[in-house]
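# please find the sequence and the predicted model below.
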Amino acid sequence: MCDSGISLAPADVVAAAADGTLTQIERDAAQFRLDQYGVLQGGDPVPCGPNQNIGLYAGPGFATYVFTIAPRLSLLDNTLVIFALAEGQYGRTSRDDLTDWGHHRFHNSLISRTEDDPLWVYAEQLGDDYARQLYDADFWRIREIGARYTVPPSLVERMGAARGSIAFSARNLFTPWRKQTDIYGAQLADPEYGQPSETGAGNYWVMPGGANLNLTLRVTF
């Protein structure tokens, strides 16, 4: 049995979609109008077969809350500055179809071999990919950490310059915390890896983000 959903459409639109006397063209038009309003979870349980195309709201595609922490430390009379930036994102439901295809679908994961979880077996038998792909994508990430050193004027003047500085920074080095790390024991990819929209391919065809290191020398003549 599946959740039939609670329609957000007006009563006349719901009634038209349920009218059994309509022609096929009229039924298609009524169903199109009904689909435009969407549905929420919490409807009556109905057989899954004829209702498998009912779309239920799984969660936001973008983070609803974003927090940042940016400490900064100045030393040696402000000639040495150490900085960092951490970012936390909350509220997004993401999709990791690499986990499903690489582990569950081809029976490379433990649960796909033991099949000892009733909900997983239920989803697997119905071909419900989303039960093995959607997850809570809340996380905290170290966005940037680095330092900048202002070269003393006595050294810069030897090069005939007025000012000089050396800076080093590293971005997206690691994720110290994430709400969910696996789906049924299969390790998830990066929580930002993949497109926010649930209309496309999740993260299957998306290039993952990478960490990068930067060393910068600035000289003003």
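Arrived safely. Residues are numbered from 1 along each chain as shown.
# so which residue is dead centre in the protein?
The chain has residue 94 as the residue nearest its centroid, 3.8 Å off, counting by Cα atoms, centre = their mean.
# residue 189 is in contact with that one, correct?
No. Between residue 94 and residue 189 no contact is recorded; they are 9.3 Å apart, counting by Cβ atoms under 8 Å. For the C-beta atoms, the positions are set from N, CA and C on the backbone; glycine is no exception.
# care to break the protein down by domain?
2-51, 65-96+135-220 (automatic domain parsing).
# buried residues of the helix ranked longest in the chain, list them for me.
Taking residue count as the measure and DSSP state H as the definition, the longest helix of the chain comes out as helix 24-37. Judged by neighbour count (16 or more other Cβ atoms under 10 Å), helix 24-37 contains these buried residues: 27, 30, 31, 33, 34, 35.
# same question for it, mean pLDDT?
The predicted model gives helix 24-37 an average pLDDT of 81.
# circling back: reformat the buried residues of helix 24-37 as CSV; add distance to residue 67.
Listed next are the buried residues of helix 24-37 as CSV, based on distance: Cβ to Cβ, whole Å:
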residue, distance to residue 67
27, 48
30, 45
31, 42
33, 40
34, 39
35, 36
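# from the chain's centroid, how far away is the helix or strand bottoming out on mean pLDDT in the chain?
Sorting the helices and strands of the chain by mean pLDDT, DSSP states H and E puts strand 2-3 at the bottom, at a mean of 72. Averaging C-alpha coordinates over strand 2-3 and over its chain gives two centres that are 25 Å apart (Cα atoms, centre = their mean, to the nearest Å).
# what of stretch 139-152?
Relative to the mean C-alpha coordinate of its chain, stretch 139-152 is positioned 25 Å out (Cα atoms, centre = their mean).
# give me the contacts around it.
68, 78-89, 163-179, 191-192, 214 (Cβ atoms under 8 Å, 6 or more residues apart in numbering).
# buried ones among those?
Taking 16+ other Cβ under 10 Å as the criterion, what is buried in the contacts of stretch 139-152 is 81, 83-87, 89, 164-165, 167, 169-172, 178, 191-192.
# sec struct for the residue in the chain sticking out farthest from the centre, please.
In terms of distance from the mean C-alpha position of the chain, residue 158 ranks first, at 51.3 Å (Cα atoms, centre = their mean). When states are read from DSSP: H, G, I helix; E, B strand; the rest coil, the local structure at residue 158 comes out as helix.
# tell me which other helices or strands the least confident helix or strand of the chain touches.
Using 3 or more Cβ pairs under 8 Å, 6 or more residues apart in numbering; DSSP states H and E as the contact criterion, the elements in contact with strand 2-3 are strand 45-46.
# quick one: low-confidence ranges for this structure?
1, 48-58, 129, 195-202 (pLDDT under 70).
# can you give the strand pairings for the least confident helix or strand of the chain, parallel or anti for each?
In the sheet containing strand 2-3, the strands it pairs with under DSSP bridges are strand 45-46 (antiparallel).
# which residue ranges of this protein form helices?
In order along the chain, the chain carries the following helices (DSSP H): 11-18, 24-37, 97-99, 110-114, 118-126, 153-156.
# residue 63 is nearest to which of those?
Within the helices of the chain, the stretch nearest residue 63 is helix 97-99; the backing value is 19.9 Å (Cβ to Cβ).
# quick one: buried residues of the closest one?
By neighbour count, and taking 16+ other Cβ under 10 Å as the criterion, the buried residues in helix 97-99 are 97, 98, 99.
# I appreciate the help and will end here.
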